[in-house]
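Engineer: Have a look at this prediction, sequence included:
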Amino acid sequence: MKVQDTLIADVKIIQPAVFDDERGFFLETFQKNRYLQALNITEDFVQDNHSRSVKGVLRGLHFQRHYPQGKLVRVVRGEIYDVVVDIRPESPTYGRWVSASLSGINKFQLWVPPGLAHGFLVLSDTADVEYKCTAPYVAGDEGCLLWNDPAVGIIWQTDQPILSAKDQQGKPLAELTG
């Protein structure tokens with residue numbers, strides 16, 4: 001596999017080795033020792049999630065306040081524009097964001113360390129997104145960064161996404177508290 005650095009330390013884009021032939025393809029989506037060595041992922045994954053969304057849906061930007069989740073994200077079908085925002089006040093990249101195009105065709109993965117906000121926009125007609133989490137979801141602990149906070153300045157590929165009621169209530173970066 002190949003690992004690409006991003007502007008936020010520890011956020012990585014992963015290109016797994018894919019073995020194609022006339023029958024189809026094979027790839028490892030996770031192998032503990034390999035990911036430990038290449039990415040220094042020391043946390044155990046305790047939960048796997050799968051979402052399906054239609055074109056124009058924007059999910060996020062989500063985080064957990066006291067029980068942060070690291071996420072290893074991949075797309076099984078379709079394409080998304082995946083975004084990570086550094087919301088750690090003590091970080092030198094606080095308020096910065098990075099993005100990656102993940103699809104069922106490129107088979108890239110994105111490692112989102114615990115403590116960052118994460119979200120994605122669906123670019124294809126539908127997209128199936130799977131991600132491994134290092135901590136269980138705790139409903140009362142979830143926070144949401146406003147998807148279009150001008151202080152962060154994310155360049156989305158739409159200005160009218162389909163948002164859940166919860167995501168419409170996201171908070172600006174300046175209002176996030178621990």
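Structural biologist: Nice, thanks for sending it over.
Engineer: Put the alpha carbons of stretch 68-77 into CSV.
Structural biologist: Extracted C-alpha coordinates of stretch 68-77, given in CSV (Å, rounded to 0.1, in the frame of the first residue of the first chain):
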residue,chain,number,x,y,z
PRO,A,68,-13.3,10.6,20.1
GLN,A,69,-13.3,8.1,17.3
GLY,A,70,-10.5,7.4,14.9
LYS,A,71,-12.0,6.4,11.5
LEU,A,72,-10.7,4.4,8.6
VAL,A,73,-13.0,5.4,5.8
ARG,A,74,-13.5,3.8,2.4
VAL,A,75,-16.2,3.8,-0.4
VAL,A,76,-17.4,0.5,-1.6
ARG,A,77,-19.7,1.9,-4.3
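Engineer: buried set for it?
Structural biologist: Pro68, Gln69, Gly70, Lys71, Leu72, Val73, Arg74, Val75 (16 or more other Cβ atoms under 10 Å). In short, each C-beta sits where N, CA and C put it, glycine included.
Engineer: so what's the most centrally placed residue in the chain up against?
Structural biologist: For the chain, His118 is the residue whose C-alpha lies nearest the centre (Cα atoms, centre = their mean; 4.7 Å). His118 sits next to Gly60, Leu61, His62, Phe63, Lys71, Val73, Asp82, Val83, Val84, Val85, Val112 when contact means Cβ atoms under 8 Å, 6 or more residues apart in numbering.
Engineer: Please apply the same query to Ser124.
Structural biologist: Residues near Ser124 by Cβ under 8 Å, 6+ apart: Lys55, Gly78, Glu79, Ile80, Ser103.
Engineer: Wait, a helix at the residue nearest to the centre of the chain?
Structural biologist: No - His118: not assigned to a helix; according to DSSP: H, G, I helix; E, B strand; the rest coil it is strand.
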